[in-house]
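> whatever this is, show me its structure:
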Amino acid sequence: MKDDIQVGQTFYLSNIDRRDKVNDKEVFVSKIGKKYFYVSYGCQELKFDIKTQVHINTPYSPSYLLYKSKEDCEYIHETERRRRAISDRLCHLLTRKEVNDIYNFLILRDK
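Model prediction:
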């Protein structure tokens, strides 16, 4: 995984504590260590695990996700928005029997 990340590589950074699209930014890898790599974000560097690309944040600081492109970031956020919309509306559209039928179908599918 370390070979996949290079200094100067572009990622798209999304703040997961605030869902403002305005805060999604293009960032660049500034340095790479043995376990972590860093991206420049404004005047600070954000630390990410090389293997998992998970943000290593300090207490009380925002959490971030990295995406390979702006399109990936937008796709994932739109998918989550749609998932929430479906969930919110299902309780109003389905009968109790339909809810139980769907539940049973999903549980049986996962077995």
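
> please count neighbours and contacts with C-alpha atoms only from this point.
Will do.

> can you tell me how far the residue of the chain most remote from its centre sits from residue 48?
Relative to the C-alpha centroid of the chain, counting by C-alpha atoms, centre = their mean, residue 97 is the outermost residue, at 34.4 Å. Remark: distance between residue 97 and residue 48 (C-alpha to C-alpha, to the nearest Å) = 46 Å.

> same deal with residue 26?
15 Å.

> who has more neighbours out of the two?
Per other C-alpha atoms under 10 Å, whichever of residue 26 and residue 48 has more neighbours is residue 48, with 21 against 18.

> let me know the helix or strand that that one is in.
strand 44-49 (DSSP states H and E).

> just list what that strand packs against, helices and strands only.
Here strand 44-49 touches strand 36-41, going by 3 or more C-alpha pairs under 8 Å, 6 or more residues apart in numbering; DSSP states H and E.

> ok, now with 10 Å
strand 25-32, strand 36-41, strand 64-67 (3 or more C-alpha pairs under 10 Å, 6 or more residues apart in numbering; DSSP states H and E).

> that strand to strand 36-41, inter-axis angle?
Here the directions of strand 44-49 and strand 36-41 differ by 150 degrees (axes from the mean of the first three to the mean of the last three C-alpha atoms, to 10 degrees).

> can you tell me what sits against the lengthiest helix in the chain?
Ranked by residue count and defined by DSSP state H, the top helix of the chain is helix 70-93. Contact partners of helix 70-93, identified using C-alpha atoms under 10 Å, 6 or more residues apart in numbering, comprise 11-14, 19, 21, 24-26, 65-67, 69, 98-99.

> switch to 8 Å and redo it
With C-alpha atoms under 8 Å, 6 or more residues apart in numbering as the test, helix 70-93 has contacts from 12, 14, 26, 67.

> which residue is the nearest non-sequential neighbour of the third one?
Closest residue to residue 26 in three dimensions, ignoring its sequence neighbours and counting by C-alpha to C-alpha, 6 or more residues apart in numbering: residue 12, at 4.5 Å.
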